[in-house]
Every structure is written in C-alpha cells, then in structure tokens.
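1. Make a model of this:
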Amino acid sequence: MDTSAPSEDLVELAARHGVATDYWDWQGQHVVVRADGIRAVLSALGVDASDDDAVRASLAAHDDLPWRRTLPATVVAREGWTPWVPVHVPHGEQVRLDIELEDGTVRPATQVEWWVPPRWIDGREVGEATFELPVDLPLGWHRLRAHVDGAAGDDPTATSYLIVTPGRLELPPALRDGRVWGLMEQVYQVRSADSWGIGDLGDLQRLAGWAGRDLGADFVLVNPLHAAEPVPPMAASPYLPTTRRFVNPVYLRVEDVPGYDALDAAARRRVDALAVDAKALNEADTIDRDAAWAAKRATLWEVFTATGRDDAFRAFLAEEGEGLVTFATWSALAEEHGLPWTSWPADLQDPASPAVAEFRSTHAEAVEFHQWLQWLLDRQLAAVQREARDAGMSLGVVHDLAVGVHPGGADAWGLGDALARGVYVGAPPDQFNQIGQNWTQPPWRPDRLAELGYTPYRDMLRTVLKDSGGIRVDHIIGLFRLWWIPEGMGADQGTYVRYDHEALIGILALEAQRAGAVVVGEDLGVVEPSAREYMLERGILGTSILWFEWDHEGDGGLLAPERYRELCLSTVTTHDLPPTAGYLRLEHVAIRDRLGLLTRPVEEETAAEQETIARVRAALQARGLLEEGADVPETVEALHRFIAQTPSRMLGVAVTDLVGDVRAVNQPGTDREYPNWSVPLSGPDGQLVTLEELMAAPLARSIAERLR
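-> Model (predicted):
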C-alpha cells in the first residue's frame, strides 16, 4: 500500500484525466491525496498507473489519443456558438465536414486556415484540418460526418455526435413572473386507507389535488421513484436504485390497473385476500417494501395473465426501445437467478451474450410482464400530473434524480463500462458527516459517456422529465466533480474526479427546456463557488436550507432572508435532517450519538446545537415572527414565515412539518443501523398519520397561508 504523496508524473497524469491530487476540506485544511488512491482511481478510468514506467507510457498515450481519431467522440456547443472541430486524416488528404441535423437536414461546416503540424502516429503521418460550425445551428442532437477524398462511396469516413444546448434554460412562466411554493414528500411515507402498506401513485394523486385546490400549492416535490430490486430484499433507499431510467412498480395503485375490475371470480378471491394482508401493513411502524411488493406483484401477475396488450402498450415499447428490453430482461433474470447479477452464470453476466438472448426468448412472458409494469407506471404518472395541473398547480410533480445506482443493479449490468468499476461515489467529510460518506454507487466514466454521445444520460433524463414540471438533481455538484472512493478504502481516502460540466449541464438544460421543466440543483455541502456561478449562468436553480444559511461575511448570525439567492429553492429542512420539530428537539444529535457518528463528546455537540437553535430563535424574534416562550409548532410556523420573506423563486415545505413529525427520514452515513427511508408519516407523539389525517391538519393550512 503506497500511502506516500504522488510523484510529479503521477500528478500530471491525474490532471490530464481530471483526477484531483489535492483539495481543501470543509475546515479549510489542505489535503494531499495518497498515491495509492490516485492509482486506483486512474485504473477505474482505464488508465494504467500501476508503476512509474506505466505512468510515463500512459502520459504518452494520452497525448496521441486525439490523433488516432478522425473526429472527437462528441462535440457539445451552446446555441449561437461556432466551435472549431479538429479532423485527423492521413497527412496530405483532403477532407470535408458536414452536419446532419436531427430532422435530417444536412449543413456544411467551413474549413478555416489554421496550420497544425502533422504528427507521426503508429508509423504513419497524420494531419489535422480544422472546421468551424455554423452560428445558427438549432438546438438538438445532431451528427458530424467527415468525408475524406478518395474514400469509397458516399458514406462518411467517420461520424460523431454534435449536441447543441441552450445558453440558458428558460424558466417556466410561473417562475419568470413571480415565485411558487409547494410540498416536499416521500411518496412511500404517506399512506392512505387504500394503500397496500406503502404510499403509492394513487395517494400522490390525491395529495397533489388537495395541495393544489385547498392549499394553493404549485408543486409537489417527490423522492426519487427509480426502480429498485424486483426480488427481496428491496433496497429502502430511493437514492440507491437499480436504474435511474425506470420506475419502481411498488408505487403502482393496483386498483387503477386496467383489467383489475374484470378478473374472474377465482382470481378475485385470490386478489381480495392479498389486499387484506397488504392493507394490514398500514398499521406497521415501519415500511415493509418486500411484503407490500409481494402482494402487489402477485396481484399484478393475475391481471397481466388475464388481459391482453393493446396498441398503446406496443407504442410505449417502440418509444422506449432497447433500453426497456434490457431492463425488463435483467428484471426477469433477477427473479430467476436472484441477485446480485455478479453471481449469475458467467454467460448471463453479459447482456449482449447469446445466452441472454436465448433467455429472453424462452422467458418472453416474464420479460413482457416487466415491460408492462413500466407501461402502467407511465400511465399512472401521467394521471398524477394531469390531476396536479387540473388542481391549479403551475408546475405539478417535480421529480428527484438520484446521484447514482446500485452496484448490483440493472444499470451496472446493462450499461457496461459506461460505469466505472472498483470505485464508489460518496462525499468527503463535512460538518454533519465527519467521517465522510460512501454511497456504494459506481460513477459514470466521463470518457465513456463522451464515446457514447451521452445517450445513456439523455435517455435517463427524458424518462424522469416526462410528465413533470421539474426535476431536482441530487448532489448536482456531481455533474462538475464527484468524490470517488477506491474499493477497500475509507470514505475520507477518496478524491475528486472532474466531469465535462459544460456537456452534462448543457444536456440537462436542453432536455428540461424541451419538457418545459424547471431544474433545481441540490448544491449543499462542499461546493466550489464557481459551480454556483455556472448554475446561475445556465438558469439552474440552487438549494438553500435555513439551518445551513449563515452570514459568514457579517456578524456570523443567521443569514437575513433578503440575502438568499433568487434563483433558488429555499426550505427550512431537508430529508437528510430530522423534520423541523425533531431538529428543535435535537433528534439529529441523539441519533448520531446513539450510532457512534459523533467526532466530539455528545455534551459538546448538544451545547453547540442548542446555541445554534437559540440564535435562530433570536433572529425570528428580532423580526417579529416569534414570541418569547413560543412552543415547537409555533416555531415551525415562524421558520416558514422566515423563508417566505426571501426572494427565492421556489419555496418548499416538508410534509413532515405539516403534522409535527419528529422522526428523521434518513441518517446519512448509515445503512441498517437506522430505519432509513422506512419511517411512515407520524405526529409529534409518534402515532401514525394517514393521508386523510394529513389533509385535515390545522398546521398545513396555517403554513400554506404564510407562503401563498
């Protein structure tokens, strides 16, 4: 194990691949990354840095790589830009470059007089011609085509991707002219009398209708609905999905599935018995996803085998294409062979293998079942958005995009080397997670994303943005740089890897603009100021949490609401903190003390947090928002009155705050030590709160009045 500092050559190689060799931590201390960590991260990028000779060879190979390609893998430009594109051909050959737009139109590029000396590559002399792209290219996904004189036929010698993105994302009309407010909900957490042990899309539809009509809310921001494992144990965290492109069928409202009401008598008896058992789960103090899904899956199979498929289903299959086939095949394989997929027979671990094709053929019904589930989800999500808009919401549902996926999931199987191996995504130590975080997710490989024309990223965004008014991007700083942790090392022993944020943010803006959606970036934690400036430039909203906003340039007190960012979603709390009532009762200290996550004595932590809360109360009192001696519900309301005084274009209220819930949804840095993502909605006394009771909560109307 090489714990030494990196050599000069290793530092240079790392820099060329966007790998940081040092950084500044949350306390302002300079940290030099260990050499063994840098070598492991480079290896995950396909770069040999195993010893000094390998490092020098990799440096030379990196310099020659562009000359081995006729065209860059992908060119990303903003609307109105005129980028220069290098084209590499045998020295002395003539070449022309044209652009095939996504509508089929072909446009020429103009060669510019720009002399670049030729270079000897693999025993031949290679020249470089330079072309300028037209200024008036439309937004969209286009292709570059290089034609070398003397090449046979009319087909291009080489092609690559050209993506033209908006300079700035246009805000939806409601945000251009003013601001909006809405609810933030964990869908699984809010159960109704009709739920099968877990909040579902039918419950979300009712909540959206109530929030729009009765409260005047403009949106409901939900947890990621990405697909989880189809077999137990189903991961509780919505931020550790098997794929981010498709949706978890555990959220289906079974009674709304076409054909459910037409089952024959025998099937009806079986389904009714399943419903009784599933609804009994509503009384449990934790969400049992496995039991809920077992009942739903059995019922959905009954309906699937009793009904046929129509033209709408076939049109959905055509629209989703090969990506849905791959996901459905993985799901059927998981049911047949269990998980993780790395334990499957070797010939089934490659989605392109003949064995997988044969399985798909012999298990066609099972594969179609999982495709059908996604079609049902598509229909029900569309119905939720229709109800939200019909109820007066200007945005409707705002979906959440997780940072990454489970290492044993569908994307890790189906996307191949687009995801890095041997490393995990996480976060360096910070104030609230002082040992760092390992989210056990394989990150995108930035080089392979470019080689693939960013199509896996685009397809994922399109699914999440469909039938929505917006998207929240969890840890959006991951589109600039991600904290990579080599397998076997601690979360504090990773380093940052840079991404092409011009491409990733640009594509995000392009797809959001086409969907008419707003983009909110969760930019909390250790964030470079330049990243926030860039988001502002591109029209991406940031995120402000009251408990994290302090006046570091002034007296150190709570940041005045007038000084909050305008292009921002501002809230009192977040799912990584206890609900506001719980925070005021120091629930976040109690949990971390109980689980051994504190890095200083609990007495010091308690005193520090009590001082923080006292300063917040004093700021509220100074503004006339809170009376001396006010109780917890009054303080919760005053905190929301405080954020209502900000200029932020979006304001969010956690559903948990509407009922005085105290239990944390999630404790970062833990797995099964705490019931993360499995706590149903409850009141200050710990008693379960149903959707029906939520809709009658007095505090809900009171807070809504303050925010309208």
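
2. Okay, strands next: where are they in the stretch 151-300 of the chain?
-> Counting by DSSP state E, counting those that start in this stretch, the stretch 151-300 of the chain has these strands, from start to end: 158-165, 180-185, 219-222.

3. Render the CA-only coordinates of the last one in PDB, please.
-> Taking Å, rounded to 0.1, in the frame of the first residue of the first chain, the C-alpha atoms of strand 219-222 are listed here in PDB:
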ATOM      1  CA  PHE A 219     -45.800  21.800  -7.000                       C
ATOM      2  CA  VAL A 220     -45.100  18.600  -5.100                       C
ATOM      3  CA  LEU A 221     -41.500  17.500  -5.000                       C
ATOM      4  CA  VAL A 222     -41.200  13.800  -4.500                       C
END
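
4. With mean pLDDT and mean neighbour count added, can I get the strands of the stretch 151-300 of the chain in a markdown table?
-> No exception for glycine: its C-beta is placed from N, CA and C like everyone else's. As requested, the strands of the stretch 151-300 of the chain are exported to a markdown table (pLDDT from 0 to 100; neighbours: other C-beta atoms under 10 Å):
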| stretch | mean pLDDT | mean neighbour count |
| --- | --- | --- |
| strand 158-165 | 97 | 21 |
| strand 180-185 | 98 | 26 |
| strand 219-222 | 98 | 26 |
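
5. Of all the ones you listed, which one is nearest residue 620?
-> Judged by C-beta to C-beta, the one of the strands of the stretch 151-300 of the chain that comes nearest to residue 620 is strand 180-185, at 19.1 Å.

6. one step back: please name whichever of the strands of the stretch 151-300 of the chain is nearest to residue 423.
-> That would be strand 158-165 among the strands of the stretch 151-300 of the chain, by C-beta to C-beta, at 25.9 Å.

7. That closest one pairs with which strands, parallel or anti?
-> Paired neighbours of strand 158-165 in the sheet (DSSP bridges): strand 74-78 (parallel), strand 140-148 (antiparallel).

8. And the contacts of that strand?
-> 69-79, 99, 133, 137-146, 453-454, 503, 506-507, 509-510 (C-beta atoms under 8 Å, 6 or more residues apart in numbering).

9. Tell me which residues of the helix or strand encompassing residue 503 come out buried.
-> Residue 503 belongs to helix 501-515 when assigned by DSSP states H and E. Across helix 501-515, burial judged by 16 or more other C-beta atoms under 10 Å covers 501-513, 515.

10. now stretch 326-345
-> 326-335, 339, 341, 344.

11. I'd like to know how far residue 368 sits from residue 322.
-> Going from residue 368 to residue 322 by C-beta to C-beta, to the nearest Å gives 15 Å.

12. in which helix or strand would I find residue 386?
-> Element membership for residue 386 (DSSP H and E) is helix 364-390.

13. before we move on, back to that, which other helices and strands contact the very next helix or strand once past the helix holding residue 503?
-> Under the assignment DSSP H and E, the closest C-terminal helix or strand after helix 501-515 is strand 518-521. Packing contacts for strand 518-521, counted by 3 or more C-beta pairs under 8 Å, 6 or more residues apart in numbering; DSSP states H and E, involve strand 470-473, helix 501-515, strand 542-545.

14. Check the offset of strand 518-521 from the chain's centre.
-> Distance of strand 518-521 from its chain centroid, counting by C-alpha atoms, centre = their mean, to the nearest Å, is 11 Å.

15. Residues touching that strand, excluding its own?
-> 169, 171-172, 175, 221, 395, 398, 469-473, 476-477, 508-509, 512, 535, 539-543, 569, 650.

16. Take stretch 319-337, keep the C-alpha atoms, and write them as CSV.
-> Below are the C-alpha coordinates for stretch 319-337, written out as CSV (Å, rounded to 0.1, in the frame of the first residue of the first chain):
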residue,chain,number,x,y,z
GLU,A,319,-40.8,4.6,-27.8
GLU,A,320,-38.7,3.1,-25.0
GLY,A,321,-36.7,0.9,-27.3
GLU,A,322,-33.8,-1.3,-26.4
GLY,A,323,-33.3,0.3,-23.0
LEU,A,324,-36.6,-1.1,-21.8
VAL,A,325,-35.9,-4.5,-23.2
THR,A,326,-32.6,-4.6,-21.4
PHE,A,327,-34.1,-3.5,-18.1
ALA,A,328,-37.0,-6.0,-18.4
THR,A,329,-34.6,-8.8,-19.2
TRP,A,330,-32.5,-8.0,-16.2
SER,A,331,-35.6,-8.0,-14.0
ALA,A,332,-36.7,-11.4,-15.3
LEU,A,333,-33.2,-12.8,-14.8
ALA,A,334,-33.1,-11.4,-11.3
GLU,A,335,-36.4,-13.3,-10.5
GLU,A,336,-34.9,-16.5,-12.0
HIS,A,337,-31.4,-16.4,-10.6
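
17. Buried residues of stretch 465-475, list them for me.
-> 465, 467-475.

18. Which members of the residues you listed define the maximum pairwise distance?
-> Every pair of the buried residues of stretch 465-475 checked by C-beta to C-beta; the farthest is 467 and 475, at 24.0 Å.

19. looking at this protein, which helix or strand is least sure?
-> strand 437-441 (a mean of 89; mean pLDDT, DSSP states H and E).

20. Give the buried residues for that strand.
-> Counting neighbours by 16+ other C-beta under 10 Å, strand 437-441 gives 437-441 as buried.

21. export the residues you listed to JSON lines and tack on distance to residue 205?
-> Putting the buried residues of strand 437-441 into JSON lines (distance: C-beta to C-beta, whole Å) gives the following:
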{"residue": "437", "distance to residue 205": "34"}
{"residue": "438", "distance to residue 205": "36"}
{"residue": "439", "distance to residue 205": "31"}
{"residue": "440", "distance to residue 205": "33"}
{"residue": "441", "distance to residue 205": "30"}
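
22. Nearest to residue 16 among those?
-> The closest of the buried residues of strand 437-441 to residue 16 turns out to be residue 441 (C-beta to C-beta; 25.1 Å).

23. Tell me what that closest one is bridged to.
-> residue 425.

24. Next up, the contacts around it.
-> Contacts of residue 441 by C-beta under 8 Å, 6+ apart are 240, 403-407, 424-425.

25. What of residue 501?
-> 479-480, 531, 534.

26. Most neighbours among those residues, please name it.
-> Of those, residue 479 is surrounded by the most neighbours, 25 neighbours in total, counting by other C-beta atoms under 10 Å.

27. Quick check, that residue in contact with residue 507.
-> No: at 9.5 Å, residue 479 does not count as touching residue 507 under the criterion of C-beta atoms under 8 Å.

28. any idea how far residue 506 is from the nearest residue to residue 478 once chain neighbours are set aside?
-> Distance criterion C-beta to C-beta, 6 or more residues apart in numbering; nearest residue to residue 478, sequence neighbours excluded, is residue 403 at 5.5 Å. Separation of residue 403 from residue 506 (C-beta to C-beta) stands at 19 Å.

29. try residue 407
-> For residue 407, the distance to residue 506 - C-beta to C-beta - is 28 Å.

30. Kindly report the same for residue 327.
-> Per C-beta to C-beta, residue 327 is found 26 Å from residue 506.

31. what about the chain, any weak spots by pLDDT?
-> Scanning the chain for pLDDT under 70 picks out 1-2, 150-154, 432.

32. mind giving me the domain ranges of it?
-> 8-65, 80-165, 173-415+423-439+453-477+502-593+632-707 (automatic domain parsing).

33. how about TSV for those domains, with distance to residue 489 added?
-> Shown next, in TSV, are the domains of the chain (distance: least, C-beta to C-beta, whole Å):
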stretch	distance to residue 489
domain 8-65	6
domain 80-165	35
domain 173-415+423-439+453-477+502-593+632-707	9
